[in-house]
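Enquirer: Let me see the structure of the following:
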Amino acid sequence: MNDVMEAPSGFAVFDRKSPLIDPWRPVFAKQKADRLVLGVFVRPEHTNSRGTVHAGLYAALADWAMGLSCGVKLRTEGVAVDNLWTTSLTVDYLGKASTGQWLTFDTRFIHTSRSLCRAECDIAADWETVARAHGAFKVALTHVSSSS
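Expert: Numbers count the residues shown, from 1 in each chain. Next up, the predicted model:
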């Protein structure tokens, strides 16, 4: 497999720091008005001993995609988000992905408020759904200090 693969149109290398994600780079992102779609080309370091994507990769990247997207969505709604953290995450495994496939993580919002964001993430290999994640994220608001 060629080490340098060109991502689909609209995707660019995503450089946001994350020590957990760093070993799986490059990760790509496509900015949408209300969310961020993440993508990776499946490489051997993403797989289990059978050569298919490890469940942990699905979970980690879905969690990251949904958390980042909740931040984007809430900020577009005028919510001053400082941080979000995962309070619940489940993944339904519906198929498999193998080395060389293009894997995307696309978020759909179930509920957003100033304190909670609930979302689903469609995980697709070469545009066919292979897993679906469900997550809930606690919202920490930015506090503006008032000067006396």
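Enquirer: all strands in this protein, in order from the N-terminus.
Expert: Along the chain, the stretches classed as strands by DSSP state E are 12-13, 28-31, 36-41, 81-93, 102-112, 116-125, 128-141.
Enquirer: Highest mean neighbour count across these, which stretch is it?
Expert: Highest mean neighbour count of those: strand 36-41, a mean of 23 (counted as mean count of other CB atoms under 10 Å). Quick note: C-beta positions are derived from backbone N, CA and C, even for glycine.
Enquirer: still on that earlier bit, looking at the strands of the chain, which is nearest to Gly56?
Expert: Of all those, strand 81-93 sits nearest to Gly56, with 9.6 Å by CB to CB.
Enquirer: What is the closest one packed up against?
Expert: helix 55-76, strand 128-141 (3 or more CB pairs under 8 Å, 6 or more residues apart in numbering; DSSP states H and E).
Enquirer: quick one: low-confidence parts of the protein?
Expert: Applying pLDDT under 70 to the chain picks out residues 1-4, 144-148.
Enquirer: Not counting its neighbours along the chain, what's nearest the most centrally placed residue in it?
Expert: Residue closest to the average C-alpha location in the chain (CA atoms, centre = their mean): Ala65, at 1.6 Å. Excluding its sequence neighbours, the residue lying closest to Ala65 (CB to CB, 6 or more residues apart in numbering) is Phe105, at 3.8 Å.
Enquirer: who's in contact with the one you found?
Expert: Phe105 makes contact with 37-39, 61-62, 64-65, 121-123, according to CB atoms under 8 Å, 6 or more residues apart in numbering.
Enquirer: one step back: turn the strands of the chain into TSV, including distance to Val72.
Expert: Shown next, in TSV, are these (distance: least, CB to CB, whole Å):
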stretch	distance to Val72
strand 12-13	15
strand 28-31	8
strand 36-41	6
strand 81-93	9
strand 102-112	9
strand 116-125	10
strand 128-141	12
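Enquirer: Would you mind saying which of those strands lies nearest Lys73?
Expert: Proximity to Lys73 (CB to CB) singles out strand 102-112 among those, at 5.7 Å.
Enquirer: Nothing else from me, thank you.
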